[in-house]
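Student: Okay, predicted coordinates and the sequence, questions at the end:
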Amino acid sequence: MITGNIEGVRNRILEELEAIFEIKTAKYAFLDTAIVDIMLKITKELDREISVLVDRKGKVLEVTVGDSSAVSMPLVELRDNKLSRVRVVHTHPNGNPKLSALDISALIKMKLDSIIAIGASDHPQVVMGFLTVENQKIHVEATTPMELDDAYRFNVLDRITYNEGLLQEAEDLEEDEERAVLVGLDSEDSLVELRELAKAADVPVGDVVFQKRATQDNATYVGKGKVQEIGEALQLSRSNMVIVDDELSGSQIRNLEDELGVKVIDRTTLILEIFARRARSREAKLQVELAQLKYRMSRLIGLGTVMSRTGGGIGTRGPGEQKLEIDRRKIRDRVNDLKNELKKVVAIRSVQRESRDQNGIPRVSLVGYTNSGKSTLRNALAEMASKDAIVKNKVLEKDMLFATLDTTTRAIALRDSRVVTVTDTVGFIRKLPHDLVEAFKSTLEEVVYSDLLIHVIDGSVDDCYSQAVTVDQVLEEIGAGEGMRIIAINKVDKGKSYMTEELTKLYGDKYPIIEISAKMGTNLKALIELLSDTLPDDLVTLELLIPYDMQKLAAQIHDKGNVISEEYGEEGTLIQAKLPKKEVHLYEKFRRGGEK
Ligand SMILES: Nc1nc2c(ncn2[C@@H]2O[C@H](COP(=O)(O)OP(=O)(O)OP(=O)(O)O)[C@@H](O)[C@H]2O)c(=O)[nH]1
Ligand SMILES: [Mg+2]
């Protein structure tokens, strides 16, 4: 009996198909040539797919008209790690032998021995897909398209029994782990970065699909054909999630999810997710949650407008719409709570900042593209020049994006015993969602109020120039474009990209440039020297008379400042010295001529 979509199919054709049941296929071959001939002939006549179910002995169990997913499974018990002992061989009327997303999902779901597609054209080619095991996971392997003759010579049985062996040996096959297919339009570079972002969020990447086009498709971001390709990539790489390289509207997300049947998230959502995982201070956590909620709300509104445009008739305020309303209200409430809490935290912080201001300690901030080595540099400087042990508090330095989410400040000592604070900041990144720049403004406020910025650049990558420009843009945007700056070209131990020359052209006239390796400690002393030279001198010249019974104090002055002259008088030692401004109050009682 022929199954499937046989409506309107003439008896003559059905009879020809019936003949397939009588033809036995040799054990090792994928299908007998006579069967393939009939399948190809009828596919052409009907312009429909013909599908044949064959068991491992070469016996045909079913012949179906229509797509292969319509094949009904024989009653085979599918125990774990065992294949179904049947394979599906079918034609593709469009002539393309490549396995479709449906083919692959049938292979996996029915644990078929194999799925084999024959492109029905004047020059038919064959692709075979098999289940195998890779890294403790079920994996689909597909052959490249073969000529029919080669396909007949291919020993399918060998391959199947070998793979089944692998399946049986494998214990605890992991299946439900998240894995993503990345999709982008912009540039391949941007996709490389998206891959790094996915890594930072601990999401393995199954495959990458790129479409060169200038604008997004309003409905599905990429074009129709690409959506199908994404579907295939999902199946082939066994991924269960799509990450898109741009911001999507609520309706784009919904359309893609409908068509692909997996979770779809956009670049911003991914970045927010990473921020959420890395945020450590109360303030950063609040800011991230706020940004996430705002973003989610804007997507909900997107959905809402779609609904109200299509609605207006029956059931305009159906359960879906009401739920959206409730969601929106809940989010709005939470946003207000967060904003209030954030205000308090920010108030506390500005008090802290004021007290630091009064200390008169110059502030240095490390800025730079993510992964440029800011945290490594801050640690190295702190270790080298810290005055007390408390400063040893190490920050996360990982080869991951956004290892640092909080601005973390440490004190270090310069020449002349001057102390400066060095603040590590969040790494910048291209296409930083605007909401996020807003949300992080108070974290970056530190940067705005800094006396000097050290712009750390990973000089080992060719992308360094455009990364530096991105950083400049963000600095401009937050109002930190002016002011003193040192350009630190980092990672020189890894070798310099030719693009560092362009950096010299860009910055050479404006800022001092120094090449360093934060990791190896190369040139860090010189960097501290440069800092001492570049920062405004906050030393004050004092004339002091120190009584002879207070020689400890005299020793301290030698320690902390630069002694210009020293005379021994009747009442004590007359010292002229440069001392840090903030310590002036310690010597108030002994001052002679006052500040100079
Ligand atoms: N070879 C080499 N690697 C370095 C150097 N400096 C930093 N790295 C490495 O680069 C990676 C990133 O360093 P981080 O200090 O975390 O970079 P970051 O700029 O703080 O990154 P974010 O906090 O994500 O913005 C780490 O694996 C470091 O070990 C260097 O001078 N040479
Ligand atoms: Mg860092």
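Tutor: Yep, it's here. Numbers count the residues shown, from 1 in each chain. Ligands and ions are numbered 1, 2, ... in the order given.
Student: which phi and psi does the residue in the stretch 101-250 of the chain that ligand 2 sits nearest to have?
Tutor: Residue nearest to ligand 2 within the stretch 101-250 of the chain: Ala200 (11.7 Å; C-beta to the ion). (Each C-beta comes from the backbone N, C-alpha and C, glycine too.) Main-chain torsions, Ala200, degrees, to the nearest 10: phi -70, psi -20.
Student: Nearest to ligand 1: which residue in the protein?
Tutor: As assessed by C-beta to the nearest ligand atom, ligand 1 sits closest to Gly427 within the chain, at 2.1 Å.
Student: since we're on the residue nearest to that residue when sequence neighbours are not counted, how many residues are nearby?
Tutor: Leaving out its chain neighbours, the residue that sits closest to Gly427 by C-beta to C-beta, 6 or more residues apart in numbering is Thr370, at 2.8 Å. If you count neighbours by other C-beta atoms under 10 Å, Thr370 ends up with 24.
Student: swap in the one 5 residues further on?
Tutor: Using other C-beta under 10 Å, the number of residues around Ser375 comes to 23.
Student: can you check Ser466 too?
Tutor: Ser466, neighbours per other C-beta under 10 Å, totals 15.
Student: list the contacts for it?
Tutor: Arg430 (C-beta atoms under 8 Å, 6 or more residues apart in numbering).
Student: Confirm that it sits in a helix.
Tutor: Yes - counting by DSSP: H, G, I helix; E, B strand; the rest coil, Ser466 is found in a helix.
Student: What confidence value was assigned to it?
Tutor: Ser466 carries a pLDDT score of 92 in this model.
Student: Now do the most centrally placed residue in the chain against Phe275, distance only.
Tutor: Central residue of the chain (C-alpha atoms, centre = their mean): Leu197, 1.2 Å from the mean position. From Leu197 across to Phe275, the span is 11 Å (C-beta to C-beta, to the nearest Å).
Student: how far away is whatever residue of the stretch 251-400 of the chain ends up closest to ligand 2 from Leu191?
Tutor: Going by C-beta to the ion, ligand 2 is nearest to Ser375 of the stretch 251-400 of the chain, at 3.2 Å. Distance from Ser375 to Leu191, counting by C-beta to C-beta: 26 Å.
Student: With Ile13 instead?
Tutor: As judged by C-beta to C-beta, Ile13 and Leu191 stand 48 Å apart.
Student: likewise Asp463?
Tutor: Going from Asp463 to Leu191 by C-beta to C-beta gives 13 Å.
Student: Not counting its neighbours along the chain, what's nearest Val430?
Tutor: Actually, residue 430 is Arg. It isn't Val. Excluding the flanking residues, the one nearest Arg430 by C-beta to C-beta, 6+ apart is Thr470, at 5.2 Å.
Student: wait, Ala19
Tutor: Excluding the flanking residues, the one nearest Ala19 by C-beta to C-beta, 6+ apart is Ile38, at 6.6 Å.
Student: Just list what the helix or strand that contains Ile528 packs against, helices and strands only.
Tutor: In this assignment (DSSP states H and E), Ile528 forms part of helix 524-534. The helices and strands touching helix 524-534, judged by 3 or more C-beta pairs under 8 Å, 6 or more residues apart in numbering; DSSP states H and E, are helix 374-385, strand 452-458, strand 484-490, strand 513-515.
Student: Report the mean confidence score over the first one.
Tutor: To tie it back to what came earlier, the one meant is helix 374-385. The average pLDDT within helix 374-385 is 85.
Student: following it, which helix or strand comes up?
Tutor: Heading C-terminal from helix 374-385 (DSSP H and E), you reach strand 408-413.
Student: Could I get the CA-only coordinates of that following strand as PDB?
Tutor: Only the C-alpha atoms of strand 408-413 are listed here, as PDB (Å, rounded to 0.1, in the frame of the first residue of the first chain):
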ATOM      1  CA  THR A 408      36.800  49.500  41.300                       C
ATOM      2  CA  THR A 409      39.200  51.900  42.800                       C
ATOM      3  CA  ARG A 410      42.600  51.300  44.300                       C
ATOM      4  CA  ALA A 411      45.200  53.700  45.600                       C
ATOM      5  CA  ILE A 412      48.700  53.600  44.200                       C
ATOM      6  CA  ALA A 413      51.800  55.700  45.000                       C
END
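Student: dump the residue contacts of the closest residue in space to the residue nearest to the centre of the chain that isn't next to it in sequence.
Tutor: What sits nearest to Leu197 in space, not counting adjacent residues and going by C-beta to C-beta, 6+ apart, is Leu270, at 5.5 Å. Listed by C-beta under 8 Å, 6+ apart, the contact partners of Leu270 are Leu194, Leu197, Ala198, Ala201, Ile243.
Student: And these, which is closest to Tyr498?
Tutor: Leu194 (25.3 Å; C-beta to C-beta).
Student: if I look at the closest one, how far off is Glu445?
Tutor: 29 Å.
Student: Mind checking which of these two has more residues around it?
Tutor: The neighbour count for Leu194 versus Glu445, taken as other C-beta under 10 Å, is higher for Leu194 (25 against 18).
Student: so which helix or strand takes in the more buried one?
Tutor: For Leu194, the element it lies in under DSSP H and E is helix 188-200.
Student: What is that helix packed up against?
Tutor: Using 3+ C-beta pairs under 8 Å, 6+ apart, helix 188-200 is in contact with strand 180-184, strand 205-210, helix 267-278.
Student: Now the longest one: buried residues?
Tutor: Of the residues in helix 267-278, those buried by neighbour count under the rule 16 or more other C-beta atoms under 10 Å are Arg267, Thr268, Thr269, Leu270, Ile271, Leu272, Glu273, Ile274, Phe275, Ala276, Arg278.
Student: And stretch 487-494, by the same measure?
Tutor: For stretch 487-494, a neighbour-count test (16+ other C-beta under 10 Å) marks Ile487, Ala488, Ile489, Asn490, Lys491, Val492 as buried.
Student: Distance of the first one relative to ligand 2?
Tutor: In other words, Ile487. 18 Å (C-beta to the ion, to the nearest Å).
Student: Also the fourth one?
Tutor: Summarising the geometry, the distance separating Asn490 from ligand 2, computed by C-beta to the ion, is 12 Å.
Student: pretty sure that residue is touching Leu377, no?
Tutor: Yes - contact criterion C-beta atoms under 8 Å: Asn490 and Leu377 qualify, at 6.7 Å.
Student: Identify the contacts common to the two.
Tutor: Applying C-beta under 8 Å, 6+ apart, one finds that Asn490 and Leu377 are jointly contacted by Val456, Ile516, Ala518.
Student: what sits against the second one?
Tutor: Counting by C-beta under 8 Å, 6+ apart, Ile516 makes contact with Leu377, Ala488, Ile489, Asn490, Val492, Thr522, Asn523, Leu524, Ala526, Leu527.
Student: beta partners for the third one?
Tutor: It stands for Ile489. Here Ile489 shows beta-bridge partners Ile457, Glu515, assigned using DSSP bridges.
Student: any idea of the mean pLDDT in the helix or strand where Asn340 lies?
Tutor: According to DSSP H and E, Asn340 maps onto helix 319-359. Averaged across helix 319-359, pLDDT comes to 68.
Student: immediately after that helix, which helix or strand?
Tutor: On the C-terminal side of helix 319-359, the nearest following helix or strand under DSSP H and E is strand 363-368.
Student: That next one and ligand 2 in contact?
Tutor: No - Strand 363-368 does not reach ligand 2 (C-beta under 5 Å from the ion); its nearest approach is 8.4 Å.
Student: so can I have TSV of the shared contacts of Asn490 and Leu377 showing distance to ligand 2?
Tutor: Listed next are the shared contacts of Asn490 and Leu377 as TSV, based on distance: C-beta to the ion, whole Å:
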residue	distance to ligand 2
Val456	9
Ile516	16
Ala518	11
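Student: Is the residue of the chain closest to ligand 1 in contact with Thr376, as I believe?
Tutor: No - look at Gly427 against Thr376 with C-beta under 8 Å: they stay out of range, at 11.9 Å.
Student: My guess is Ala526 contacts Ile514. True?
Tutor: Yes - contact criterion C-beta under 8 Å: Ala526 and Ile514 qualify, at 6.3 Å.
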